[in-house]
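> fold the stuff below for me.
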Amino acid sequence: MDEQKRYLLDYFSMRFTSLMDNYVMAINGAFFTTRRAGYTPSQYQIENAKNFVANAHYLFLEAAGNTLEQIASNLDAQEVAYNMFELEHVKNQLVSISIDMLRQANRAISTGIQNKAIELLGKNNAHGAMGLLVQKKMAELEITATDSAGRKWREPSSLVKTIVRDFIYQSLVDHQIKTLHESGIDLIAVPDIDKPVSIQGQAGYVALKDVRHHFHPNGYDLPVGYTDVHT
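Numbering: from 1, shown residues only. Predicted structure coming up:
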């Protein structure tokens, strides 16, 4: 992979990491401001915190949409064709993830932790040192992100980075495969496969469709003609 494509892959995946980290920080800020140990917020403060999170959610989606447009423009500039349906799928995943996080945040802000110490220690002990310790522990808000397979990620930024990086990387891989095929090359080298792989699935060779998953977005490998690396 050349430096321009590597930069495209790294820059935008890290850009989305930053956007999600900012969203998570806003959620945590709103939660800890209203639901810190030993503090009972008013309904006005609760609603204000929820509005703050809603605004952070809006800003995340706005920035995410703009950044996806930049990704598309950069792919166009490098004459890399990408699947519009896949790009739309990425958008939909980001919307779904961020809305679910918004709901988690609102639930935590509305419910709070104030009754946890009473539940665990009883009313007489809830406001002592142990009660405050329990409340502090309960205040460790954990916002998770759920992927399309239903798996929960404890670090939402990692999931978002993976989604975006995979879209860019697979677009680059597909473009390279198409370029090789159009130039008359069928046998290619695939990461971790020590034999030639056939794009068209020629008899006697490993078919690309069976090992396509070896092009993992955490790497930088692009397909090349098998003879190019074994001569």
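
> quick one: average pLDDT of the longest helix along the chain?
In the chain, with assignment by DSSP state H, the single longest helix is helix 43-77. Mean pLDDT, helix 43-77: 97.

> for it, name the packing helices and strands.
Applying 3 or more Cβ pairs under 8 Å, 6 or more residues apart in numbering; DSSP states H and E, we find helix 43-77 packed against helix 3-35, helix 84-111, helix 156-182. For every residue, glycine as well, the C-beta is placed using N, CA and C.

> mind putting those helices in a markdown table, distance to His57 and mean pLDDT included?
Putting those into a markdown table (distance: least, Cβ to Cβ, whole Å; pLDDT from 0 to 100) gives the following:
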| stretch | distance to His57 | mean pLDDT |
| --- | --- | --- |
| helix 3-35 | 7 | 94 |
| helix 84-111 | 5 | 96 |
| helix 156-182 | 12 | 96 |
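
> for those helices, which one sits closest to Pro41?
Nearest to Pro41, of all the helices and strands packed on helix 43-77, is helix 3-35, at 4.2 Å by Cβ to Cβ.

> could you check how far Ser183 is from Gly225?
From Ser183 across to Gly225, the span is 9 Å (Cβ to Cβ, to the nearest Å).

> then Gln45?
Distance from Gln45 to Gly225, by Cβ to Cβ: 64 Å.

> tell me who's in contact with Thr34.
Pro41, Gln45, Ile46, Ala49, Ile109, Gly112 (Cβ atoms under 8 Å, 6 or more residues apart in numbering).

> isn't the fourth one right up against Ala30?
Yes: with contacts counted by Cβ atoms under 8 Å, Ala49 reaches Ala30, the gap being 4.1 Å.

> overlap in contacts, these two.
Joint contacts of Ala49 and Ala30 (Cβ under 8 Å, 6+ apart) are Ile109.

> and for Leu19, the neighbour number?
Applying other Cβ atoms under 10 Å, we find 24 residues neighbouring Leu19.

> setting aside sequence neighbours, what's the nearest residue to it?
Ala63 (5.2 Å; Cβ to Cβ, 6 or more residues apart in numbering).

> then Asn106?
In space, Asn106 is closest to Lys50, 5.3 Å off (Cβ to Cβ, 6+ apart).

> how many residues are close by the one you found?
For Lys50, the count of nearby residues is 17 (other Cβ under 10 Å).

> domain parsing for this structure?
Domains of the chain are assigned by automatic domain parsing as 3-168, 184-229.

> dump the ones you listed to CSV, plus distance to Gln176.
Converted to CSV, the domains of the chain look like this (distance: least, Cβ to Cβ, whole Å):
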stretch, distance to Gln176
domain 3-168, 9
domain 184-229, 5
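
> who touches the most centrally placed residue in the chain in this structure?
Nearest to the geometric centre of the chain sits Val160, at 1.0 Å (Cα atoms, centre = their mean). Shown in contact with Val160 (Cβ under 8 Å, 6+ apart): Phe16, Thr17, Leu19, Met20, Leu94, Ile97, Ala145.

> so what's the fifth one up against?
Taking Cβ under 8 Å, 6+ apart, we find Leu94 in contact with Leu61, Ala64, Val160, Ile163.

> could you redo the last one with a cut-off of 10 Å?
16, 19-20, 60-61, 64-65, 67-68, 145, 159-160, 163-164 (Cβ atoms under 10 Å, 6 or more residues apart in numbering).
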